[in-house]
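**Student:** Take this sequence and fold it.
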Amino acid sequence: MQQTLNPPQTWPVINRILFRFFSIYLLLYHFAGYIPQVWWDNAVTRAGQLLLRKDYSIQAWPMGSGDTTFNYLQLFCLLLIALTGCLLWSVIDRKRKNYDKAQYWVMVPLCYTLAMATLKYGMAKVFPGQFEELSLYKLEQPLGESSPMGLAWTFMGYSRGYTIFSGIAECLGGFLLLFRRTRLLGALVCIAVMTNVVALNFFYDICVKLYSGHLLLTALFLIMPDMKRMVRFFILQQPVSITTQYYPVFTTRWKRYVFNSLRYAAVVWVLWYTVKIGIYVDRSYQKRHIKGAIFGTYEVFSFSPLLKDQLATSTHTFPPLKKVRPAWKTLYFEKGGILLYQEAENMKGAAVNADTVTHILNWKAQDDTESVHMHYTFNGDTLTLKGTIGNDSVLVSLRRKDRDHSLLTNRGFHWVNETPFNK
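**Tutor:** Numbers count the residues shown, from 1 in each chain. Sure thing, here's the model as predicted:
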């Protein structure tokens, strides 16, 4: 195996040091998941006891949020390991003049890692996975009650076209990273896309700041070997020569065959992984968006205990009301059998089990100890629920609210706007 292009040049000392540090740091960061969790738990606990308080213990592991205390302490551990590794590497390998070969073998896994991340998030946008259409509740939620992250999700979820456009941009960057001749262009596309993503995450308090920031840092690291050439071409407007970066060439046929086979297999595997993600996201979306027995927004206009005569004439047996309950205000029967409902000042959510033969609804709200069992009947736009909440019997009358009342959903697209329409 040998280098194919120009003879190697001596790297400046600072370049060699920075390469050692960021190579260790970025590889550790992206492949930290392969390190046993118990090791990270011990390291993070010790870091917390050192930096935060002596009795620190892990309260929350990264599940949904990538910006937990655990993540920041893990980041401290990674920085410490990278600094130590860089120092040892600099002492042991201080006579080396350049890292042309090492740079190639470091860049390859980082390229594929960044490509898989951007392709995954891109497919989750091309197919409605990350930002879904606005729910019934979101259309009614006061703007001031929305969190910054919720507002960003509403912004993206409203426009299916813009979300697809964003996903295609991410997929384009990831796809170009898979091939040597388009790798620089792919990294530049990823920088443009991820800069916007990082800004959105920081300024809307979205809890993947660390991860998105490291994807952007990885893309920046990938363009460093070509930085001088880009400055000469784009800023100084001077001609540039072809790249002189190291690329392995094998003189033995079987070695070339193995190398090329592995390279093509890696590309095929990443593309297969991308297609698999797309199929999974699409199927999950289809399952979540099946309309249940009841769908729509229903406003409560009567919420009362079942009276004795109602209990006597009912075909179902209900116990009498034992305590005063806060009345429900609005029920949002979402797609996928999800129910959101307002009880007093609190919003509750539950998965509804519906029997369309007996017209029975059963659910239990999250963080609630009482189950709800209701028999439902329709009379036009009026829905009547008769049943129990815990041990109490109630009769609830609701009226369906027209979904088309929302300007956001019925405004549509207009090529011609004689005057600004900005409400």
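
**Student:** How is this protein partitioned into domains?
**Tutor:** Domain ranges of the chain: 2-288, 296-402, per automatic domain parsing.

**Student:** Name every strand pairing with whichever strand or helix holds Y332 and say which way it goes.
**Tutor:** Y332 is located in strand 328-333, with elements delineated by DSSP states H and E. Partners of strand 328-333 in the sheet, by DSSP bridges, are strand 296-305 (antiparallel), strand 338-343 (antiparallel).

**Student:** returning to what we had before: show me the one of the domains of the chain that comes nearest F421.
**Tutor:** For these, distance to F421 was read as C-beta to C-beta. The smallest value, 15.2 Å, belongs to domain 2-288. Just so you know, the C-beta spots here come from the backbone N, C-alpha and C atoms, and that holds for glycine as well.

**Student:** what number of residues lie near the closest residue to D41 other than its chain neighbours?
**Tutor:** Computed as C-beta to C-beta, 6 or more residues apart in numbering, the closest residue to D41 that is not its neighbour in sequence is I58, at 6.3 Å. I58: 14 surrounding residues under other C-beta atoms under 10 Å.

**Student:** circling back to that earlier point, tabulate the domains of the chain (TSV), appending mean pLDDT and distance to G412.
**Tutor:** What follows is these, written out as TSV (pLDDT from 0 to 100; distance: least, C-beta to C-beta, whole Å):
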stretch	mean pLDDT	distance to G412
domain 2-288	91	12
domain 296-402	81	17
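
**Student:** With respect to T419, which of those domains lies nearest?
**Tutor:** Going by C-beta to C-beta, the one of the domains of the chain nearest T419 is domain 2-288, 21.8 Å.

**Student:** check contacts around the spatially most central residue of the chain.
**Tutor:** Central residue of the chain (C-alpha atoms, centre = their mean): Q130, 6.0 Å from the mean position. Q130 makes contacts with 121, 124, 156, 163, as judged by C-beta atoms under 8 Å, 6 or more residues apart in numbering.

**Student:** Now flag whichever of those is closest to A219.
**Tutor:** Y121 (13.4 Å).

**Student:** quick one: the closest one and E170 touch, right?
**Tutor:** Yes. With contact defined as C-beta atoms under 8 Å, Y121 reaches E170; the gap is 5.5 Å.

**Student:** Could you give the secondary structure assignment for the residue nearest to D41?
**Tutor:** coil (DSSP: H, G, I helix; E, B strand; the rest coil).

**Student:** State the distance from it to S284.
**Tutor:** 30 Å (C-beta to C-beta, to the nearest Å).

**Student:** do the same with W269
**Tutor:** W269 is 22 Å from S284, by C-beta to C-beta.

**Student:** Please apply the same query to C86.
**Tutor:** Distance from C86 to S284, by C-beta to C-beta: 42 Å.

**Student:** And V394, by the same measure?
**Tutor:** 35 Å.

**Student:** who has more neighbours, these two?
**Tutor:** It is V394, of V394 and S284, that has more neighbours when counted by other C-beta under 10 Å, with 20 against 14.

**Student:** On the three-state scheme, the closest residue to G390 other than its chain neighbours is what?
**Tutor:** Counting by C-beta to C-beta, 6+ apart, E370 is the residue found nearest to G390 once chain neighbours are left out, at 3.4 Å. With three-state DSSP as the basis, E370 sits in coil.

**Student:** Could you tell me how many residues sit around E370?
**Tutor:** 12.

**Student:** elements contacting the longest helix anywhere in the chain?
**Tutor:** Ranked by residue count under DSSP state H, the longest helix found in the chain is helix 253-288. Here helix 253-288 touches helix 100-126, going by 3 or more C-beta pairs under 8 Å, 6 or more residues apart in numbering; DSSP states H and E.

**Student:** tell me the angle of the helix it packs on relative to helix 253-288?
**Tutor:** 20 degrees (axes from the mean of the first three to the mean of the last three C-alpha atoms, to 10 degrees).

**Student:** No further questions, thank you.
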